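Based on what follows, work out the 3D shape:
(one chain, ligands or ions: 2)
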Amino acid sequence: MLILGIESSCDETGVALVDASGHRVPRLLGHALHSQIEMHRAYGGVVPELASRDHIRRVLPLTAATLAQAGRTLQDVDRVAYTRGPGLAGALLVGAGVACAMGAALERPVMGIHHLEGHLLSPFLSADPPEFPFVALLVSGGHTQLMRVDGVGRYELLGETIDDAAGEAFDKSAKLLGLGYPGGPALARLAEQGDAEAFRLPRPLLHSGDLDFSFAGLKTAVLTQARKLGDALEGRKADLAAATQAAIVEVLVKKSMAALQQTGLQRLVVAGGVGANARLREQLDAACARRGVRVHYPELHLCTDNGAMIALAAGLRVQAGLADRFGSAYAFDVRPRWPLAELATPR
Ligand code: KG4
Ligand code: ZN
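Ligands and ions are numbered 1, 2, ... in the order given. Reported below is the predicted structural model:
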């Protein structure tokens with residue numbers, strides 16, 4: 001069972017081929033990725049219309065590269081999966097349209113996959129895949145959620161951000177510090193040279209007693225601090241970056257530990273772009289070690305958006321007998337807003 005996966009929800013075009021035969025974890029046979037970062041950099045952020053057009057340009061060459069890498073042809077593909085949402089409507093439509101055209105031409109089934117399900121299952125492609133059940137910390141540019149995951153398609157939302165996502169907090173703070181786009185990795189890099197204790201920034205909702213997050217106040221605090229520093233900001237940027245990162249990381253770690261405590265689960269899975277953050281990994285590792293909890297991450301290159309996680313999620317769905325829950329053949333739609341909890345099946 002060979003599944004081709006296409007990701008085009010935002011600013012990365014990703015294509016991958018997995019083998020989901022039998023009940024082994026689907027195996028990655030090939031994947032290709034094009035990041036639009038260079039294109040959007042001039043505008044300081046993602047320009048949706050440019051993103052859609054670039055996906056159109058890239059998706060077929062990337063498909064050819066993926067198949068060549070795997071030593072297969074399009075005829076060998078048994079199913080085509082695409083990211084149905086959430087994401088930018090125009091960008092999603094490219095992947096959906098191409099996947100459905102391929103499916104129709106090959107007379108193979110097509111599956112619309114939830115982008116966050118892709119992220120949250122992505123650690124299954126690592127050398128040390130997790131076992132169900134686990135708590136998932138999903139930290140991307142658009143979402144920050146804690147989920148209880150009992151199996152493929154069995155997701156229960158434990159808590160989420162009430163305003164900005166963790167990735168957004170990185171990106172917006174980076175912008176305030178003049179670090180450009182994409183802000184997360186840039187802020188993380190600068191933070192390595194700074195002193196996180198130099199400024200005390202707020203940890204919103206840290207003691208709220210629930211598993212929700214709030215990051216919107218943090219960027220305001222960063223802005224206030226930056227203004228207060230005035231001309232002195234230049235020399236203190238690394239310290240402010242380090243303090244910002246420390247605030248975000250502390251909240252993510254503490255809430256993840258609270259989710260483990262609340263559910264009584266012994267396993268944590270971290271996924272999404274912010275999961276690439278070295279400080280976050282270091283502090284989660286330490287906190288989980290103290291509790292005797294196993295922690296799993298996707299491989300670094302599969303933390304941010306990619307086609308492999310979409311093909312993988314499709315493969316795991318096929319194996320779990322959940323392949324056709326998204327409805328029929330080549331009449332496609334996309335869901336720019338799509339709560340992951342809608343995928344939940346009764347336990
Ligand atoms: O999962 P992702 O690629 O896209 C979404 O689905 O949103 O995540 C992108 C986010 C961006 O906000 C980016 O700044 C952040 O992940 N990010 C990082 C790091 N690498 C990516 N944030 C902090 N540290 C990093 N090393
Ligand atoms: Zn993503």
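
Excluding sequence neighbours, find me the nearest residue to residue 143.
Using C-beta to C-beta, 6 or more residues apart in numbering and skipping residues adjacent in sequence, the residue nearest residue 143 is residue 165, 5.4 Å away. The way it works is simple: take the backbone N, C-alpha and C, and place the C-beta from them, glycine included.

That should have said residue 334, apologies.
Nearest residue to residue 334 in three dimensions, chain neighbours excluded: residue 92, at 3.8 Å (C-beta to C-beta, 6+ apart).

and if you look at residue 180?
Using C-beta to C-beta, 6+ apart, the nearest residue to residue 180 is residue 186, at 6.2 Å.

swap in residue 37?
Closest residue in space to residue 37, ignoring its immediate chain neighbours: residue 182 at 6.1 Å, by C-beta to C-beta, 6+ apart.

Compute the number of surrounding residues for the one you found.
Here the count is done by other C-beta atoms under 10 Å, and residue 182 has 22 residues near it.

need the contact list for it.
Contacts for residue 182 (C-beta atoms under 8 Å, 6 or more residues apart in numbering) come out as 37, 171, 174.

Now a PyMOL select for only the buried ones of the residues you listed.
In PyMOL, a selection of the buried entries from the contacts of residue 182 looks like this (16 or more other C-beta atoms under 10 Å):
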select buried, resi 171+174
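
In strands, which of the contacts of residue 182 fall?
Among the contacts of residue 182, no residue falls in strands (DSSP state E).

Dump the contacts of residue 182 to JSON lines, plus pLDDT and distance to ligand 1.
Shown next, in JSON lines, are these (pLDDT from 0 to 100; distance: C-beta to the nearest ligand atom, whole Å):
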{"residue": "37", "pLDDT": "94", "distance to ligand 1": "10"}
{"residue": "171", "pLDDT": "95", "distance to ligand 1": "5"}
{"residue": "174", "pLDDT": "96", "distance to ligand 1": "7"}
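
Buried by neighbour count: which residues of the helix or strand harbouring the residue nearest to residue 334 qualify?
Using DSSP states H and E, the element containing residue 92 is helix 89-106. Judged by neighbour count (16+ other C-beta under 10 Å), helix 89-106 contains these buried residues: 90-100, 102-103, 106.

ok, now stretch 286-305?
287, 288, 293, 295, 296, 297, 298, 302, 303, 304, 305.

Report the separation between the closest residue in space to residue 298 that isn't next to it in sequence and ligand 2.
Spatial nearest neighbour of residue 298, chain neighbours left out: residue 122 (4.0 Å); criterion: C-beta to C-beta, 6+ apart. When distance is defined by C-beta to the ion, to the nearest Å, residue 122 is 10 Å away from ligand 2.

Residue 122 contacts residue 310, correct?
No: in this structure residue 122 lies outside contact range of residue 310 using C-beta atoms under 8 Å: 9.5 Å.

more neighbours, these two?
Each of residue 122 and residue 310 has its neighbours counted (other C-beta under 10 Å); residue 310 has more, 37 against 26.

circling back: ok, is the host helix or strand of the residue nearest to residue 180 in contact with ligand 2 or not?
Secondary structure from DSSP H and E places residue 186 in helix 183-191. No: using C-beta under 5 Å from the ion, helix 183-191 never reaches ligand 2; the gap is at least 12.0 Å.

Now do that helix: which elements does it pack against?
Identification of packing neighbours for helix 183-191 by 3 or more C-beta pairs under 8 Å, 6 or more residues apart in numbering; DSSP states H and E yields helix 166-176, helix 233-263, helix 278-291.

any chance of those helices in CSV, plus distance to ligand 2?
Shown next, in CSV, are the helices and strands packed on helix 183-191 (distance: least, C-beta to the ion, whole Å):
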stretch, distance to ligand 2
helix 166-176, 9
helix 233-263, 16
helix 278-291, 16
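
Determine which stretch of those helices is the most buried.
helix 166-176 (a mean of 25; mean count of other C-beta atoms under 10 Å).

near ligand 2, which residues of the stretch 51-200 of the chain show up?
residue 140.

Okay, the residue nearest to residue 143 and residue 47: tell me how far apart.
Distance of residue 165 to residue 47, computed by C-beta to C-beta, to the nearest Å: 20 Å.

now swap in residue 23 and tell me
Counting by C-beta to C-beta, the gap from residue 23 to residue 47 is 43 Å.

Which one's more surrounded, those two?
residue 47 (17 against 7).

which residues sit in contact with that one?
By C-beta under 8 Å, 6+ apart, the contact set of residue 47 is residue 40.
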